[in-house]
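> Here is my input, please return the structure:
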Amino acid sequence: MKIASFNINGIKARHPALCDWLDEAQPDVALLQEIKSVDENFPREIFEERGYNVETHGQKGFNGVAILSKLPLEDVTRGLPGDDTDEQARWIEATVTGAKSAIRLCGLYLPNGNPCPGPKYDYKLGWMKRLKARAAELMAAEEPALMAGDYNIIPLDEDAARPEVWHEDALARPESRRAFREIVNLGFTEAFRARTRGPGHYTFWDYQAGAWDRNDGIRIDHFLLTPQAADHLVDCRVDKEIRNRPKPSDHVPIWVELDI
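Residues are numbered from 1 along each chain as shown. Predicted coordinates for the structure are as follows:
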């Protein structure tokens, strides 16, 4: 089963590029972030024509997550538990069943947190506490599950081309990295680093200042797998080359292949 994560930075602007990539990469499941669309305006037909079941958790103009799946989506839930007052559309879950096992899929768009310090950074850290609580529940279930998406976290200095410029940013501050490590240390496998070591691997390049041309990137899109999912990990890669295409997102897809 090939499961991808892709922050598309606006479904209205990016759906032609997204469809081109789907046709080429043929993921069984794609977890999308930053659709920037309410549910009723999401162009579900163009994905249903390609054989995908579509579930969205949208928000006008901001945020928004979705799942596209060639397999039936069961037990779909929306919103990260822990704060009934949170209206930001950043979390969606569903279960799919492969040839060997079912797996719980959690798609997320973690808050950016800038400027920091400030209320946006407080919201980010609070959101990560709730994420840790949900992650602990997934671990306790002792079943295949994953949490994937745009985490807005640069885990280590080697995950940035110029780490020194990010040290005071919400994506790399010590508190952010500590919160991320606390989640991983519950027992999750960070899929990309389980397959690929060393610097120079990125999933995001800013539109400004020629970042793509200079390969001035950061790695902020991640797959975290429970042990029961990690046992089935075959590969995890980043489709970097599509960042060079017309009207790209500032992110590129990352995907895992699971023998499940």
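> And P253, how far from S5?
Distance of P253 to S5, computed by C-beta to C-beta, to the nearest Å: 7 Å. For the C-beta atoms, the positions are set from N, CA and C on the backbone; glycine is no exception.
> Can you check which residues contact both of those two?
A30 (C-beta atoms under 8 Å, 6 or more residues apart in numbering).
> With neighbour numbers in mind, choose between the two.
Taking other C-beta atoms under 10 Å, P253 and S5 do not tie; S5 has more neighbours (29 against 26).
> The more buried one and E168: what is the separation?
With C-beta to C-beta as the criterion, S5 and E168 are 27 Å apart.
> in the stretch 151-260 of the chain, which segments are predicted with low confidence?
In the prediction, the stretch 151-260 of the chain carries no residues with pLDDT under 70.
> Strands along the chain, start to end?
Assigned by DSSP state E, the chain shows strands spanning 2-7, 29-33, 53-57, 65-69, 74-78, 91-97, 102-109, 145-150, 189-190, 204-205, 217-218, 221-225, 233-238, 254-258.
> Pull out the buried positions in the longest helix belonging to the chain.
Determined from DSSP state H, the single longest helix within the chain is helix 119-141. By 16 or more other C-beta atoms under 10 Å, the buried positions in helix 119-141 come out as 121, 123-125, 127-128, 131-132, 134-135, 138-139.
> Closest to Y202 out of the residues you listed?
K124 (20.8 Å; C-beta to C-beta).
> Now the closest one. Nearest residue, chain neighbours left out?
Nearest residue to K124 in three dimensions, chain neighbours excluded: G113, at 3.3 Å (C-beta to C-beta, 6 or more residues apart in numbering).
> how deep is that neighbour tucked in, by neighbour count?
The burial count for G113: 25, using other C-beta under 10 Å.
> Just give me the residue closest to the centre of this structure.
Geometric centre of the chain, nearest residue: G149, 0.6 Å, by C-alpha atoms, centre = their mean.
> Tell me how many other residues crowd the residue nearest to R50 when sequence neighbours are not counted.
Closest residue in space to R50, ignoring its immediate chain neighbours: L22 at 6.2 Å, by C-beta to C-beta, 6+ apart. Look at L22: counted by other C-beta under 10 Å, it has 21 neighbours.
> Now do the contacts for L22.
Here L22 is in contact with 30, 47, 50, 52, 68 (C-beta under 8 Å, 6+ apart).
> Distance from the longest helix of the chain to the middle of the chain?
Helix 119-141 has its C-alpha centroid displaced from the chain centroid by 15 Å (C-alpha atoms, centre = their mean, to the nearest Å).
> what helices or strands is that helix leaning on?
When contacts are defined as 3 or more C-beta pairs under 8 Å, 6 or more residues apart in numbering; DSSP states H and E, helix 119-141 sits against strand 102-109, strand 145-150, helix 174-184.
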